[in-house]
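Peer 1: Please find the sequence and the predicted model below.
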Amino acid sequence: MKRIGHWIDGREVFGNSGRDGAVYDPAVGQVQARVDYADVAEVDAVVASCIRAGKTWSQSSLSRRAEILFKFRELLDGRKADLARILTSEHGKVHSDAMGEISRGIENVEFACGVPHLLKGEHSEQAATGVDVYSLRQPLGVVAAITPFNFPAMVPIWMLANAIACGNTCVLKPSEKDPSCSNFLAALLKEAGLPDGVLNVVHGDKVVVDRLIEHPAVAALSFVGSTQIARYIYENGTRNGKRVQALGGAKNHMVVLPDADINMAADAAVSAAYGSAGERCMAISVVVAVGDAADPLVKAIEARLDRIKVGPGTDPVNEMGPLITREHRDKVASYLDIATTEGAVVVRDGRKQAFTGDGFFLGVSLVDHVRPGTRMYTDEIFGPVLGVLRVASYDEALALVNSHEYGNGTAIFTRDGGAARRFQREVDVGMVGINVPIPVPVSYYSFGGWRASLFGDHHMYGPEGIRFFTRTKVVTSRWPDPATSTIDLGFPQNR
C-alpha cells in the first residue's frame, strides 16, 4: 500500500503521529494509498520551518522570485500530463477536466510572475517642504492555505503563487481525499529553485486546521470549501487575530430569457451542470427558465443527456467521471427522492444508469418544476443534478437570485443587450456571466462571491490576492539639506 507523507524542508517526510487516512481511486471504489495525518507537534514543526525560511525569503529580490515562478510555470506546463494522471487517479475527473484545471492554475502562476510590477508602491514628493511620503507592500510572514478536494491542483496554485511571490512562506493543507497533487507541486517548485521551507505541505484533518487557526505565528488563512467550514475558519481565525479569506458554498443560477438561443443555452447548461460531475463551486445547479423559454429549454437539455459518456476518467471517450466518495455519491442521489416529495418532477434519474464495478458513479439527473424554498432549491447539492425553476418574468428571476443565501456566480442567456446590462448591474452576486455559463474570472481579475459564499474582505487570486498576502507600510521622510545642515553627515562641505 502506497504511503503519502508530508512535504517539509524540500523533501517528503513521513509522519509519526500514528494517524492516517484512506485515499481512494473513485473510479473503482478501492483504497489505493494511505496519507499521514499530522498532530499538533508536527504542525508546529512545519510552521517553524516556514519561519526559518522566511528570514531570507522575505528579503529576496523581486527578480529572483519572478525567475523561480517563471521556471515553475515552465515545469508545470511540461508536466501537465503527469499531474493530470495524479488528479484523475485520486479525484476521478476525466482527463480533459484535469488538463483544463491545470491550465487555469498556470494562468495564475503567469500573473504572479509579474510581481515586480504588482508590488510597486506609491510616492509623493514634497508632501510638505522637504518631506516625501511613500508606501511599501510587504509580506505578512507565514500564511496557511487550506484547499478543497474538487480542484486539488488549481486552488493550491491560486493561493501559493501569489503568497510566495509576495515574499511569504506558506503551509499548504490540501484535502486528505486527494493529497498527492500538492506534494507534486511542491516538488516542482523545489526543482524550479524555491528554497527549502518556503512551501511546506502538511496533511491531515481538523486537528491540523485547528492548529493552523490557533498558531500565533500564522498570520493569514486562505480557504476554499463549504460555507459551514468557511464560517468556522473565518470566525475562529479572526478571533485569533489573523487575516482570513474563506470562500464558501454556492447555488449558481442560470437565467434564460425567452429571447435566448435555446440550443446555445441548453449546451451551456449541460456542460456547466455536469462537468467534473457537478463537484465545483461554479457549477450551474439551477436553471431559471423565464416564460416561454421553459418547455423548449427542458426538452433541449433532456435531449442532450444521452450523449454524455460517464465512466472512468482514464478513458478519453468519457466526459464525466465518478464522485469523490461513496458517501457523497449517496448523499447527492438522495436529493432525487427529496425532489419527488417536494413536488418536483424528476425528468432524468441518474440512479437508473447502470455501471459495472464498485466505482462511485452516478448518472446525470434533471429535475423540473423545482420550487423556491425547497431543499432542491436551497441546498448546495454538489453533484450531477440540475434543477429547473420556472418563473413568469425577468423581475421574478432577479428576485430569486438576489434572495438566495449564496451569491457566488450567476449567468444570464439572452440576445437583448439592454436586459444583459440591466442584469449585470442589478444582480447581487460576485461573478456574472452574459451568455457564459461559468464566469470564472481570468487570472488578472479576482475570484469570489458575496453573502454566504465569501467570509472576509478579499477575493481570491489576481489583484485582490496580492493585497491579501501583503500589508501596506507608509513612510514619511525628511532629509536635511547637506549644504545647510549643522549635523556632520560625512559630506565634504560639512568638514
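Peer 2: Perfect, I can see it now.
Peer 1: what number of residues lie near residue 343?
Peer 2: Using other Cβ atoms under 10 Å, residue 343 has 11 other residues around it. In short, each C-beta sits where N, CA and C put it, glycine included.
Peer 1: nope, residue 342 is what I was after
Peer 2: If you count neighbours by other Cβ under 10 Å, residue 342 ends up with 17.
Peer 1: Any figure for the gap between it and residue 328?
Peer 2: According to Cβ to Cβ, to the nearest Å, residue 342 stands 21 Å off from residue 328.
Peer 1: One more: residue 456?
Peer 2: Separation of residue 456 from residue 328 (Cβ to Cβ): 26 Å.
Peer 1: What of residue 345?
Peer 2: Using Cβ to Cβ, residue 345 is found at 25 Å from residue 328.
Peer 1: ok, the two, which is more surrounded?
Peer 2: Neighbour totals were compared for residue 345 and residue 328, and residue 328 leads with 20 against 13 (other Cβ under 10 Å).
Peer 1: So for the host helix or strand of that one, what gets flagged as buried?
Peer 2: Assigned by DSSP states H and E, residue 328 falls within helix 326-341. Buried residues in helix 326-341, counted by 16 or more other Cβ atoms under 10 Å: 328-329, 332-333, 335-336, 339.
Peer 1: Format the residues you listed as JSON lines; extra columns: distance to residue 428 and pLDDT.
Peer 2: Shown next, in JSON lines, are the buried residues of helix 326-341 (distance: Cβ to Cβ, whole Å; pLDDT from 0 to 100):
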{"residue": "328", "distance to residue 428": "29", "pLDDT": "96"}
{"residue": "329", "distance to residue 428": "33", "pLDDT": "96"}
{"residue": "332", "distance to residue 428": "27", "pLDDT": "97"}
{"residue": "333", "distance to residue 428": "32", "pLDDT": "97"}
{"residue": "335", "distance to residue 428": "26", "pLDDT": "97"}
{"residue": "336", "distance to residue 428": "30", "pLDDT": "96"}
{"residue": "339", "distance to residue 428": "26", "pLDDT": "96"}
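Peer 1: now, the most widely separated pair of the residues you listed?
Peer 2: Among those, the pair separated by the greatest distance (Cβ to Cβ) is 328 and 339, at 17.7 Å.
Peer 1: Surely residue 386 forms part of a strand?
Peer 2: Yes. Looking at residue 386 with DSSP: H, G, I helix; E, B strand; the rest coil, it is inside a strand.
Peer 1: What's opposite it in the beta bridge?
Peer 2: Counting by DSSP bridges, residue 386 is bridged to residue 366.
Peer 1: Quick check, pLDDT for it.
Peer 2: Residue 386 is assigned a predicted lDDT (pLDDT) of 97.
Peer 1: Distance-wise, check it relative to residue 38.
Peer 2: Distance check for residue 386 against residue 38: by Cβ to Cβ, it reads 39 Å.
Peer 1: just residue 102 next, same as before
Peer 2: From residue 102 across to residue 38, the span is 27 Å (Cβ to Cβ).
Peer 1: These two: who's more crowded?
Peer 2: Neighbours per residue (other Cβ under 10 Å) separate residue 102 from residue 38, with residue 38 holding more: 26 against 22.
Peer 1: Which parts of the protein belong to which domain?
Peer 2: Domains of the chain are assigned by automatic domain parsing as 2-248+453-476, 255-408.
Peer 1: just checking, residue 53 is part of a strand?
Peer 2: No. Using three-state DSSP, the secondary structure at residue 53 is helix, not a strand.
Peer 1: tally of neighbours for it?
Peer 2: Residue 53: 22 surrounding residues under other Cβ under 10 Å.
Peer 1: which one is it nearest to, not counting chain neighbours?
Peer 2: Of all residues not flanking residue 53 in the chain, residue 197 sits nearest, at 3.1 Å (Cβ to Cβ, 6 or more residues apart in numbering).
Peer 1: Residue 203 is in contact with residue 173, correct?
Peer 2: Yes. Distance between residue 173 and residue 203: 7.3 Å, which falls inside the contact criterion (Cβ atoms under 8 Å).
Peer 1: what secondary structure does residue 219 sit in?
Peer 2: Under three-state DSSP, residue 219 falls in the strand class.
Peer 1: who's in contact with it?
Peer 2: 140-143, 168, 242-243 (Cβ atoms under 8 Å, 6 or more residues apart in numbering).
Peer 1: ok, and the nearest residue to residue 236 once chain neighbours are set aside, which helix or strand is that part of?
Peer 2: In space, and not counting its chain neighbours, residue 236 is closest to residue 213: 4.9 Å by Cβ to Cβ, 6+ apart. Using DSSP H and E, residue 213 sits within helix 206-214.
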